[in-house]
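Asks: Quick one, fold the following:
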Amino acid sequence: DIKRLIPIVNKLQDAFATMGSTPIDLPQIAVVGGQSSGKSSVLENIVGKSFLPRGSGIVTRRPLVLQLYNSPEEYGEFLHQPNKKYYDFEEICTEIERDTDRVCGSNKNLKNQPINLRIYSPDVLNLTLIDLPGATKVAVGDQPKDIGKQIRNMIMSYASKPNCLILAVTAANTDLANSDAIEIAREVDPQGKRTLGVLTKLDLMDRGTDARGIFTGEDSNLPALALGYVGVVNRSQADINERKGIASARAAEEQYFSMHPAYSDIVDKLGTAYLVKKCSQMLLKHIQSVLPQLSSDLNKVIAQKEKELFDMGEIANPKRSRADITHAILKFSDRFCRSIDGKLDPDGPSLTRELTGGARIEGIFNDVFAPAIGDIDILEQLGADEVQTLIRNVSGLGGSLFIPNAAFIALVTQNIQRLEDPSLQCVQLAYSEVLNIVSMISHNMPAVDKYPALKSTIVEAANQILRENYEPCNALASTMVSMERNRVNMAHPDFIGHRDNFGEFTQQVEEEAAQGPPPPPAKTIQRTIVKEGHVNKKGGNAIVLWQKRYLVMKKDGTLNYYRQLGDPEPAGVIYIPGCIVERADAMVGKRCSFQIYHPAGNIGKTFFFQCQNEGEANEWVQCLKDEAAKEPEEEGEEGAEGGLGLLGGPAPTEEEGFDAIPTGRQRGLTDRIHAAIHENLGMREKVECEILFRLLYSYFEIVKKNIADQVPKAISLKLINKVKEELCARLLMEIDSEDKVKQLSAVSDEVKDKFEKTKATLTLLHDSQAILRDLSCSTV
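Replies: Have a look, this model is predicted:
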C-alpha cells in the first residue's frame, strides 16, 4: 500500500496541472544544476532511454515533470495528449521541443508552465522528478540579458517550497565551492535536510584526485547534507555522438566504480541504480512524513471544488435550473441594492482597491458635478461697459434714480440657464454608472455569469428601466433650473441684497468707490521653477473625473497648473506655503494620488492630483511639503495686503473674519473689472457697477448651491431608486413560463466544459482522499 503513494501524488499533480494551479504543496524532487553539470544525462540514465533535447545554450525552457511508473509495457504519454502513446523515445524528444516552442515561442523565452510526461517501463521504479533549466549567470548569443535572473526565479519557485526535495547536480571536475546547485540548495535549505547531492563526471577529474571523502563524509570542505552525496558516471559527448546505448553506459559506469581503487569498497553506494533507489526511497519517506498535512490540505481543496460545483448547479436538471435562476435573480437584486447603499457584501469584490457601487455615483455628484457647477463664473464674460449699457436699456426713457431690478434679473436668469447643461450631463453620467454597476455585479457573480442569456436579460432589464426614467429625470433636472430662473428670490436670507443687509452693503461700496482703484500689484522678479511635470487633476471645468494637467511649482510659493504644456497662462494657481500636502490614495480610490488643502477648512478647497507611478507621487509630495514649510523667495504679488489665499486670491485678515460682508476681491471680482470701473466711469456709475457685480455674484452662488444639491437628489429619486425598486420584479416576470426558464438557464460551452472538468477533478480528489485516509490508518 505504501508503494501506491507516489502514483497517488502523481495523479494529484496531473489534476492540478489540468486545473492550471497547484493549491497544495505536493512532495516532489526538483533536479537543479548548472548548464554543464550533466543534469540531462543523469535523468536519461535514470530512465534508461535518450529522450531529452540537446544543444547549445538554453535547451530546457519549461519545467519537465517526469513521472516514472514501473510497468511491463514501455512507452511515454504526455498530459496534453492523454490518449496518445509514444513507443519511440526520439518522438518523445521531438514532442518536448514542439510543445516548448508552442508555449514559449521559437526564441529563447522561458515559461513556468510545466510539461507533464509519464514514462512506463519495466526498468524504472515509481518516481517523480522535475527537470528545471540549467542555472547560468551570463547571457550567451541571442539569450535575453536577464536570462540568469529568469532561470533563478523559476528554480526558486520550486526549490523554495518546504515539501520539495532537491537533487543538486554538480560536475566533480569543477570547483565544488562555486557550484550553482549547491549555492541554491544552501539558500533554501540551509540545514541540508532535504537536499541530495549528485556528483557527475567523476571519470573526468584530474589524475590523482578523487571524491571519496565527499561520499564517506571525511571531506569537510563541502556543505554537510543530511541525505548525503551520490556519485554517477554519465555518457561522454563522444558516447552520445556515437549513439551509445544507456544500458551499455550503465554497465560501463558499474565497471568504472568497481575497478577504481578509491570507490571499489563503496560501490554499493554509488552509481545510477543506487541513485534511483535512494530517490524513490527518500520521496516515499518524505510523502509518509507529510501525509497528515497533505490530507488536511486536500480536504480544503475538495471543499473549495465542491462549492464551485454547487455554485454551477446541476446543468441538466430542469427543476434545479428554475431554482437556480430564481435564486440568482433574488441574490443579484439584493447585491445591487447593497452595493448602492454601501452595505458590506462578504461575497462581493474587494472594497479596498477602488470605489464601487454607490460610492462611484456619489463621486460623480461630489467630485465631478459639484466642481463643474462651482467653476461656472457669472462675471467671467461681463464688463463694466456691458453692465452700464444694460442698466440704461432697462431704465428706458428718462432713466432711473436707482439700479433697476430688471438689470439684475436679466443677468441672473441669463446665467442660470448655463447650469442646465452640466445638470443633464450629470444625469447621463449617473445613467452610465448604474449600468456599469449592473454589469460588474453580473460578471462577478458565478450564479449569474454562467448563464449568458440571464446575464444579458439582467443588463437589458436594468437598461430598460433606466431608459424609461431617463427622460423624466432629464425633465426634472431641467425643471429645477427653470424654477431658479423663473423666480429670483431677493428675500433669500443668504443674499447680500436682502433688506437687512442692503444699507450697510451699499455704504461700504460707496466708501470703496471713493477711495479709488486698488493699488497695483508689486513688481516681481522672474519666477524660477522648482519642479514640473504632467499629472492628472481631479475635477475641472467640465464634467470629467480626472483631467490631464501640467504642474509647475515655482519658488515664489505658487503651484500653477496648465491645461497643456506651452499655455501662456495657467488654468489655476495654488498658494502652497501653509498648506497641508499628503498622500490620498484611499480617499480618492486611485493609486499614486496626493492632496493639497489649507489647515483652516474655510480657506479655498481641497485639490487632488494623481501621478503615473509611486516614485513620482512621493517626489511631488516631498517637494510640496518642503515648499509649504518655508517662505517664498520673493515678495508675493499681493504685497503687504496679506498675501495670497489658497486659490490665488488674498487671504482675509483676522479683523475681517470670514463672515464679514465680502469685498469685491473676496467675492471673486477680477482686476479687469475693477480697473474698468475706476478708469472709465463716473462716481455714480462706479457705485452702480460695483453693487450690481456683487449682487450678481452673491445670488448666483446661492443658485449654484441649490442646483448642486437638488439635481443629485432628482437623479437618486428618478433613476437609481427606480432600478432598486423595479429590477427584481421585472426579472421575475421573465421566468413565468417553462420555455423562458429553459432559455435563460442555457449555459455556455465554456461553463459546461468547466463543470465537467471540475466534476472529474473532484472525483479524482475524492479517490485520492480515500486512499490517503486508508494509508494514514495503516501507517498509524
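Asks: need the helices for the stretch 551-700 of the chain, in chain order.
Replies: Per DSSP state H, counting those that start in this stretch, the stretch 551-700 of the chain has helices spanning 585-588, 614-628, 671-680, 683-715. These are given in chain order.
Asks: any chance of these in JSON lines, plus mean pLDDT?
Replies: Formatted as JSON lines, these follow (pLDDT from 0 to 100):
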{"stretch": "helix 585-588", "mean pLDDT": "73"}
{"stretch": "helix 614-628", "mean pLDDT": "90"}
{"stretch": "helix 671-680", "mean pLDDT": "49"}
{"stretch": "helix 683-715", "mean pLDDT": "81"}
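Asks: and residue 334, how many neighbours?
Replies: Using other CB atoms under 10 Å, residue 334 is surrounded by 13 other residues. Where you see a C-beta, it was placed from the backbone N, CA and C, and this is true even at glycine.
Asks: give the contact list for it.
Replies: Applying CB atoms under 8 Å, 6 or more residues apart in numbering to residue 334 gives no contacts.
Asks: Check which helix or strand it maps to.
Replies: According to DSSP states H and E, residue 334 maps onto helix 318-341.
Asks: Counting by contacts, list what whichever helix or strand comes after that helix packs against.
Replies: Tracing the chain C-terminally past helix 318-341 and defining elements by DSSP H and E, one meets helix 358-363 next. Judged by 3 or more CB pairs under 8 Å, 6 or more residues apart in numbering; DSSP states H and E, helix 358-363 is in contact with helix 318-341, helix 420-444.
Asks: What sits closest to residue 453 if chain neighbours are left out?
Replies: residue 744 (4.9 Å; CB to CB, 6 or more residues apart in numbering).
Asks: residues contacting that neighbour?
Replies: Applying CB under 8 Å, 6+ apart, the residues near residue 744 are 325, 451, 453, 454, 457, 734, 735.
Asks: what about the residue nearest to residue 577 when sequence neighbours are not counted, neighbour count?
Replies: Excluding the flanking residues, the one nearest residue 577 by CB to CB, 6+ apart is residue 557, at 4.8 Å. By the measure other CB under 10 Å, the count of residues near residue 557 is 24.
Asks: Let me know the distance separating residue 557 from residue 117.
Replies: 69 Å (CB to CB, to the nearest Å).
Asks: residues contacting residue 433?
Replies: 360, 361, 364.
Asks: What strand or helix carries residue 40?
Replies: Going by DSSP H and E, residue 40 is part of helix 39-47.
Asks: which strands and helices sit next to that helix?
Replies: On a contact count with 3+ CB pairs under 8 Å, 6+ apart, helix 39-47 meets strand 28-33, strand 64-70, strand 127-131, strand 164-171, strand 195-200, helix 246-259, helix 272-289.
Asks: for that helix, the distance to its chain's centre please.
Replies: 43 Å (CA atoms, centre = their mean, to the nearest Å).
Asks: Can you dump the C-alpha atoms of stretch 610-629 in CSV for me?
Replies: As requested, the backbone C-alpha atoms of stretch 610-629 are provided in CSV (Å, rounded to 0.1, in the frame of the first residue of the first chain):
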residue,chain,number,x,y,z
GLN,A,610,-2.6,61.7,-9.5
CYS,A,611,0.9,60.7,-10.8
GLN,A,612,2.0,58.0,-13.2
ASN,A,613,3.8,55.9,-10.5
GLU,A,614,4.7,55.7,-6.8
GLY,A,615,8.1,57.3,-7.1
GLU,A,616,6.7,60.3,-9.0
ALA,A,617,3.9,60.8,-6.4
ASN,A,618,6.3,60.6,-3.5
GLU,A,619,8.7,63.1,-5.1
TRP,A,620,5.8,65.6,-5.6
VAL,A,621,4.6,65.2,-2.1
GLN,A,622,8.1,65.7,-0.6
CYS,A,623,8.7,68.7,-2.9
LEU,A,624,5.4,70.4,-2.0
LYS,A,625,5.9,69.7,1.7
ASP,A,626,9.3,71.4,1.6
GLU,A,627,7.7,74.4,-0.2
ALA,A,628,4.8,74.5,2.2
ALA,A,629,7.1,74.7,5.2
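Asks: In that stretch, which residues are buried?
Replies: Going by neighbour count (16 or more other CB atoms under 10 Å), the buried part of stretch 610-629 is 610, 611, 617, 620, 621, 623, 624, 627, 628.
Asks: Switch these over to CSV; also include distance to residue 533.
Replies: Output for the buried residues of stretch 610-629, formatted as CSV (distance: CB to CB, whole Å):
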residue, distance to residue 533
610, 12
611, 8
617, 11
620, 8
621, 13
623, 10
624, 12
627, 15
628, 18
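Asks: Which one of those residues is nearest to residue 282?
Replies: Set against residue 282, the nearest of those by CB to CB is residue 617 (51.3 Å).
Asks: related to what we said a few turns ago, buried set for the helix holding residue 334?
Replies: Buried residues in helix 318-341, counting neighbours by 16+ other CB under 10 Å, are found at 321-322, 324-325, 328-329, 332-333, 335-340.
Asks: Now do the helices in the stretch 101-250 of the chain.
Replies: Under DSSP H, counting those that start in this stretch, the stretch 101-250 of the chain gives helices at 147-159, 180-188, 212-216, 237-241, 246-259.
Asks: out of all of them, which helix in this protein is the longest?
Replies: helix 452-486 (DSSP state H).
Asks: roughly how far is that helix from the heart of the chain?
Replies: 32 Å.
Asks: Straight-line length of stretch 97-116, end to end?
Replies: 13 Å (CA to CA, to the nearest Å).
Asks: I'd like the numbering to begin with 731 instead of 1 from here.
Replies: New numbering, starting at 731: the last item is stretch 827-846.
Asks: residues making contact with it?
Replies: 743-744, 747, 783, 787-788, 791-795, 797, 808-810, 826, 860, 863, 872-874, 877, 880-881, 884, 887.
Asks: ChimeraX command for the buried members of those?
Replies: Entered in ChimeraX, the line below selects the buried ones among those, by 16+ other CB under 10 Å:
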select :743,744,747,788,791,792,793,794,795,797,808,809,826,860,863,873,877,880,881,884
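Asks: Any stretches of the stretch 981-1130 of the chain with poor pLDDT?
Replies: Applying pLDDT under 70 to the stretch 981-1130 of the chain flags the ranges 1041-1051, 1074-1084, 1109-1130.
Asks: if I look at the nearest residue to residue 1276 once chain neighbours are set aside, how far off is residue 1433?
Replies: Nearest non-adjacent residue to residue 1276, counting by CB to CB, 6+ apart: residue 1266, 4.3 Å away. From residue 1266 over to residue 1433 the distance is 30 Å, taken as CB to CB.
Asks: For those two, indicate the residue with more neighbours.
Replies: With neighbours defined as other CB under 10 Å, residue 1266 and residue 1433 compare such that residue 1433 has more, 23 against 18.
Asks: wouldn't the more buried one be in contact with residue 1146 here?
Replies: Yes - look at residue 1433 against residue 1146 with CB atoms under 8 Å: they come within range, at 5.7 Å.
Asks: Now the host helix or strand of residue 1036 - C-alpha only, PDB.
Replies: For residue 1036, the element it lies in under DSSP H and E is helix 1021-1042. C-alpha atoms of helix 1021-1042 as PDB (Å, rounded to 0.1, in the frame of the first residue of the first chain):
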ATOM      1  CA  LEU A1021       0.800  12.600   4.800                       C
ATOM      2  CA  PRO A1022      -1.300  14.200   7.600                       C
ATOM      3  CA  GLN A1023      -0.700  17.700   6.300                       C
ATOM      4  CA  LEU A1024      -1.300  16.500   2.700                       C
ATOM      5  CA  SER A1025      -4.700  15.000   3.700                       C
ATOM      6  CA  SER A1026      -5.700  18.200   5.500                       C
ATOM      7  CA  ASP A1027      -4.800  20.400   2.500                       C
ATOM      8  CA  LEU A1028      -6.600  18.000   0.200                       C
ATOM      9  CA  ASN A1029      -9.800  18.300   2.300                       C
ATOM     10  CA  LYS A1030      -9.600  22.100   1.900                       C
ATOM     11  CA  VAL A1031      -9.200  21.900  -1.900                       C
ATOM     12  CA  ILE A1032     -12.100  19.400  -2.000                       C
ATOM     13  CA  ALA A1033     -14.400  21.800  -0.100                       C
ATOM     14  CA  GLN A1034     -13.400  24.600  -2.500                       C
ATOM     15  CA  LYS A1035     -14.200  22.500  -5.500                       C
ATOM     16  CA  GLU A1036     -17.500  21.300  -4.100                       C
ATOM     17  CA  LYS A1037     -18.500  24.900  -3.500                       C
ATOM     18  CA  GLU A1038     -17.600  25.700  -7.100                       C
ATOM     19  CA  LEU A1039     -19.600  22.700  -8.400                       C
ATOM     20  CA  PHE A1040     -22.600  23.700  -6.200                       C
ATOM     21  CA  ASP A1041     -22.500  27.300  -7.500                       C
ATOM     22  CA  MET A1042     -22.600  26.000 -11.000                       C
END
